Every structure is written in C-alpha cells, then in structure tokens.
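In: Take a look and give me a structure for this.
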Amino acid sequence: MATDEVYMDIPSVEKMAQQFENFGEVLDGISKAVEVIANTLKATAFFSMGMTYAAAQYMEKLAPRVKKAAVKMRELSKDLKDAIRAYRDGDLTGSRHFV
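Out: Numbering: from 1, shown residues only. From the prediction side, this is the model:
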C-alpha cells in the first residue's frame with residue numbers, strides 16, 4: 001500500500017507568500033488613492049455642476065472592494081506562512097492544506 005507524501009518547495013512558497021503580502025500593500029495604496037479621488041470629485045462637483053458626482057459615487061463603491069481584496073491578499077499570505085510553519089514543524093494538520 002502506497003503512502004501519501006506531502007512535499008513543499010519552501011523557498012517558492014515563501015516567495016509566493018511575500019508576493020501576496022506585497023500585492024496587499026499595493027491594493028491598500030490604491031484603495032487610499034481611490035478614496036482621495038472620490039473626495040476630490042465630490043468637492044469639485046459643485047464647480048462642475050454635478051458632472052463629477054457620478055464618478056465620485058463610482059469611486060466610493062470601488063474603494064471598499066479594493067480594500068477587501070487587500071485584506072484577502074494578506075490573509076492568503078498569512079495562510080501560506082502558517083502552512084510553511086506547519087510543514088517545517090512536521091505538523092500533520094498542515095498537510096491538509098495541500099491534499
């Protein structure tokens with residue numbers, strides 16, 4: 001009877017975790033920029049006779065979604081780091097992530 005083995009290329013997974021972390025930081029920056037743009041558009045809506053208000057509304061809906069994606073990227077990074085730690089420690093519960 002064959003035994004199931006779990007193998008992890010730890011340096012590759014560490015690199016992937018770091019990339020998710022970096023992408024989360026980038027998305028946080030984008031979220032903040034979108035919020036600034038939305039506030040600017042709302043502030044200029046009076047001068048543009050309301051023309052920028054629709055764009056401001058769109059930006060306000062976009063910002064929380066980008067922020068949520070940033071949180072998800074950081075969560076994925078943490079999950080990968082936890083899996084690496086479990087693999088290194090020989091924890092059998094960590095192997096469930098890779099079945």
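
In: If you count neighbours, what's buried in the longest helix anywhere in the chain?
Out: Ranked by residue count under DSSP state H, the longest helix found in the chain is helix 53-89. Buried residues in helix 53-89, counting neighbours by 16 or more other C-beta atoms under 10 Å, are found at 55-56, 59-60, 62-63, 66-67, 69-70, 73-74, 76-77, 80-81, 83-84, 86-87. C-beta here means a position set from N, CA and C on the backbone, and glycine is covered the same way.

In: which strands and helices sit next to the helix or strand bottoming out on mean pLDDT in the chain?
Out: The weakest-scoring helix or strand in the chain, judged by mean pLDDT, DSSP states H and E, is helix 53-89 (a mean of 91). In terms of contacts (3 or more C-beta pairs under 8 Å, 6 or more residues apart in numbering; DSSP states H and E), helix 53-89 is packed against helix 10-44.

In: so how far is the helix it packs on from its chain's centroid?
Out: With C-alpha atoms, centre = their mean, to the nearest Å as the basis, helix 10-44 stands 7 Å off its chain's centre.

In: can you tell me which residues contact the spatially most central residue of the chain?
Out: Residue closest to the average C-alpha location in the chain (C-alpha atoms, centre = their mean): Met73, at 2.3 Å. For Met73, the contact set (C-beta atoms under 8 Å, 6 or more residues apart in numbering) comprises 20-21, 23-24, 27.

In: which among those end up buried?
Out: 20-21, 23-24, 27.

In: How about the contacts made by the closest residue to Ala38 other than its chain neighbours?
Out: Spatial nearest neighbour of Ala38, excluding adjacent residues (C-beta to C-beta, 6 or more residues apart in numbering): Met59 at 3.5 Å. The contact partners of Met59, by C-beta under 8 Å, 6+ apart, come to 34-35, 37-38, 41.

In: make it 6 Å
Out: Met59 makes contact with 34, 37-38, according to C-beta atoms under 6 Å, 6 or more residues apart in numbering.
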